[in-house]
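**Q** Just the structure for this:
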Amino acid sequence: MEAFARLHRTLEAERDDARIAAIGAYVRDAPPDDAALAVSLLKGQRPRRILPAAVMRDAAMRAAGIARWLFDACKTQVGDVAETVALVVPSASRTTLHGLAWWSERIASLATVDAGAAATRLVEDWDSLSTDARIVYAKLVSGTYRSPVSPALVDRALAPNFSVPVDPRPPFADASLRVDAVLVYAEPAAPKGFALGAFTFALWDERGGARTLTPIARIDDVAEHERSALEAIVRRTTVERFGPVRRVTPTLVCELAFEAVEASGRRKSGWRLRAPRVVRVRDDASVDDAATLADLGKYAR
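**A** The predicted structure follows:
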C-alpha cells in the first residue's frame, strides 16, 4: 500500500514524463497481484463503496478526540473527507509491509462486519499506515478513489516494457475517461417535446470553501434502459419547474464517459466535456461520493 500511495502522490504532482516513468517503475517492481490491481485502478476502475464516509468520519473523530464541528472545519479547509480523516488521525505507531492487493482484500472484508467492528478495524488499520497511504485507503473504503491520470497515459507507461498497444491519439481523444455526476435537471430533448430526453448533470464545486453542485454536462442521447431509470427519478423528485425544465432533488448518481475535458471561461464550472454520455446509473453510489470539478482538472492536458 505504501508503494502505491507514493506512486499516487507522484502522479498528482508531476508532469507526464515523470508520471510515465513512475508507473513503469512501480509495475516492474511490484508483486504481480499489486501491479495488476494498480493498473486497473489507474485506468479508471471504480472501487465499490465498502463503508459510508460518515462511518470513517465518526471513527476518525473518536481516534483523534475531536468534536464534529472541528472535523467539519478541517474538511472545509481540506475539501475531502478521506484526506481529512487521514490528516486528523494520530500518527501511526507501527508499520506494515503489506501490498495493495492484501489491503484491498482487507478493505473488502469490512463489508462483512457490523458498524462497531468496522470502526475498530479502521482505527487499527490507520495506525499502521502513513498519511498518504491512509488517503488511498480511505478513498478505497468509501469508493471515491479516482485515478489522477488518463487510461491513455497508463498505456503509454506500460508500452515500452510490457508490449501494450498504444493508440497514437493524444490523451484528449481517449474515449474512456469517466466521472460520477449527479442528475440535477431534466427537460424534453426537442422544442414542444413531451417525453423527457435531455438531462443535466453536475459535479461538486468546492471552490471558495463551500460545496455546491454545479452543472457540467447536458446529455440528450441516453440509452433506453438508463432513460427509464432517469425519468422515474425525475417524476419522483421534481421540486421546481422553469417552463419545460424540471429541477430535481439531487439523489441519483450516473457514470458519465467523455472524450476529453477542456477549459471554458463561458461556463460556470470552468470546464467543458467533449462528447459526454451516460454509461450507467450508479445505484451503489451516494450523491456525496460524486466527483468534484477539481477531479476534471486531472484529465485536462
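**Q** to the chain's geometric centre, what's the distance from the lowest-mean-pLDDT helix or strand in the chain?
**A** Between all helices and strands in the chain, the lowest mean by mean pLDDT, DSSP states H and E belongs to helix 151-162, at a mean of 80. Centroid separation for helix 151-162 versus its chain: 22 Å, with CA atoms, centre = their mean, to the nearest Å.
**Q** and what of stretch 55-75?
**A** Averaging C-alpha positions (CA atoms, centre = their mean) puts stretch 55-75 22 Å from its chain's average.
**Q** Just the residues contacting it, thanks.
**A** Here stretch 55-75 makes contact (CB atoms under 8 Å, 6 or more residues apart in numbering) with 81-82, 84-85, 87-90, 115, 118-119, 122-123, 126, 138, 141-142. C-betas here are computed from N, CA, C, even on glycine.
**Q** Quote the end-to-end distance of it.
**A** 15 Å (CA to CA, to the nearest Å).
**Q** List the buried residues of that stretch.
**A** Under the neighbour-count criterion of 16 or more other CB atoms under 10 Å, stretch 55-75 has 55-61, 63-64, 71, 74-75 buried.
**Q** Could I get the average pLDDT for that stretch?
**A** Mean pLDDT, stretch 55-75: 90.
**Q** Sketch out the low-pLDDT regions of the stretch 151-300 of the chain for me.
**A** Low-confidence segments of the stretch 151-300 of the chain (pLDDT under 70): 161-167, 169-176, 189-195.
**Q** Can you tell me how far Val184 is from Arg236?
**A** 15 Å (CB to CB, to the nearest Å).
**Q** the more surrounded of the two?
**A** Under the criterion of other CB atoms under 10 Å, the comparison of Val184 against Arg236 puts Val184 first, with 19 against 11.
**Q** Could you check which helix or strand contains the more buried one?
**A** Element membership of Val184 [criterion: DSSP states H and E] is strand 177-188.
**Q** got the residue ranges for the strands in the stretch 1-150 of the chain?
**A** Secondary structure of the stretch 1-150 of the chain (DSSP state E, counting those that start in this stretch): no strands present.
**Q** just the helices in it please.
**A** For the stretch 1-150 of the chain, the helices defined by DSSP state H, counting those that start in this stretch cover 2-13, 16-29, 32-42, 53-64, 68-78, 81-88, 100-109, 115-126, 131-142.
**Q** Please apply the same query to the stretch 151-300 of the chain.
**A** 151-162, 224-237, 293-297.
**Q** other SSEs contacting the last one?
**A** Right, the one you point to is helix 293-297. strand 196-205, strand 212-219, strand 271-274 (3 or more CB pairs under 8 Å, 6 or more residues apart in numbering; DSSP states H and E).
**Q** how far does that helix sit from the chain's center?
**A** The answer for helix 293-297 is 10 Å, by CA atoms, centre = their mean.
**Q** List the buried residues for that helix?
**A** Using 16+ other CB under 10 Å as the test for burial, helix 293-297 gives 293, 295-296.
**Q** Stretch 12-29 too?
**A** For stretch 12-29, by 16+ other CB under 10 Å, it's 19-20, 22-24, 26-27.
**Q** ok, now stretch 247-266?
**A** Residues of stretch 247-266 classed as buried by neighbour count (16+ other CB under 10 Å): 247-248, 250, 252-261.
**Q** Now those residues in a markdown table, please, with extra columns for distance to Arg267.
**A** Listed next are those as a markdown table, based on distance: CB to CB, whole Å:
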| residue | distance to Arg267 |
| --- | --- |
| Arg247 | 18 |
| Val248 | 21 |
| Pro250 | 19 |
| Leu252 | 22 |
| Val253 | 21 |
| Cys254 | 19 |
| Glu255 | 21 |
| Leu256 | 16 |
| Ala257 | 19 |
| Phe258 | 14 |
| Glu259 | 17 |
| Ala260 | 15 |
| Val261 | 11 |
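**Q** circling back: now the strand holding Val184 - C-alpha only, CSV.
**A** Below are the C-alpha coordinates for strand 177-188, written out as CSV (Å, rounded to 0.1, in the frame of the first residue of the first chain):
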residue,chain,number,x,y,z
LEU,A,177,-12.5,9.0,-19.4
ARG,A,178,-15.1,8.6,-16.7
VAL,A,179,-16.6,10.6,-13.9
ASP,A,180,-19.5,10.1,-11.5
ALA,A,181,-22.0,13.0,-11.7
VAL,A,182,-25.4,13.9,-10.1
LEU,A,183,-28.6,14.4,-12.0
VAL,A,184,-30.0,17.9,-11.4
TYR,A,185,-32.2,19.0,-14.3
ALA,A,186,-34.4,17.3,-17.0
GLU,A,187,-36.3,18.6,-20.0
PRO,A,188,-37.7,17.5,-23.4
